[in-house]
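I would like the atomic coordinates for the input below:
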Amino acid sequence: MEQQSIAPIETEYAGCRFRSRLEARWAVFFDALGIRWSYEDQGYELPSGRYLPDFRLLDAHPDLWAEVKGVFGHKEFIRLARAAIELPGTSEKPTRIIPKLLILGEIPSPGTVVAHTALGAIEEHLVVQHFRFVHPPRGAAGSHHVVRVIDDSYAWPRHWLEYLARTEFAPDWLVAEVIPGAVCECVSDAYRAARSARFEHGECG
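Below you'll find the predicted structure:
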């Protein structure tokens, strides 16, 4: 018997109709943490094709987008890796790596310190970073107060990405993982709010 695919439930929250409840839960998380966001703000005609990021995080960095994916495969990785290189930046010749595209999966459990994945670019290289959310100090602004980069894990030239596109490579580090560290209660509370949000008949939480 052929397995039927299960379609995500469209969900309305904060005046937006999200394509899935998982996207709506991340919006709840951003609100709980005080991060301003816009949903499907702008699409782009990139060299690799049309691309419409899920979120733009307005309090993090002018070029910081977020993509929500419950399940990750090879095609999704290649598409987002190319987008991370091709999305417009604030400088034609950046002197440092800037995380452009945050990869968000299922909402983590409260009380854990989680490393998410960010795809960034410098010149013609794709850079993979791990990051965690932190609560911005009162009255402060800037991406380092909202997203803290933990490390730079990989730096791949564009031509290697083209090689990977012809394989079945699907990296496992795209999935968020629990790491040691002190729990930030504000972030933990935001994860809890997102996981506990109830959307009746696809409507507001």
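
for the rest of this, base every contact and every neighbour count on C-alpha atoms.
Will do.

next SSE after the least confident helix or strand in the chain by mean pLDDT?
Ranking every helix and strand in the chain by mean pLDDT, DSSP states H and E puts helix 143-146 at the bottom, with a mean of 51. Helices and strands here follow DSSP states H and E; after helix 143-146, the next one along the chain is strand 147-157.

which ones are touching Gly73?
By C-alpha atoms under 8 Å, 6 or more residues apart in numbering, the contact set of Gly73 is Ala170.

from Val187, how far off is it?
28 Å (C-alpha to C-alpha, to the nearest Å).

so what pairs up with Trp156 in the strands?
Leu126 (DSSP bridges).

just give me the neighbour total for it.
Applying other C-alpha atoms under 10 Å, we find 14 residues neighbouring Trp156.

that one: what's it in contact with?
125-127.

roughly how far apart are it and Leu126?
For Trp156, the distance to Leu126 - C-alpha to C-alpha - is 5 Å.

likewise for Ser20?
Taking C-alpha to C-alpha, one finds Ser20 at 28 Å from Leu126.

now flag whichever of the contacts of Trp156 is closest to Leu161.
Leu126 (8.3 Å; C-alpha to C-alpha).

is it true that Gln42 touches Leu52?
Yes. If you go by C-alpha atoms under 8 Å, Gln42 and Leu52 touch, sitting 6.4 Å apart.
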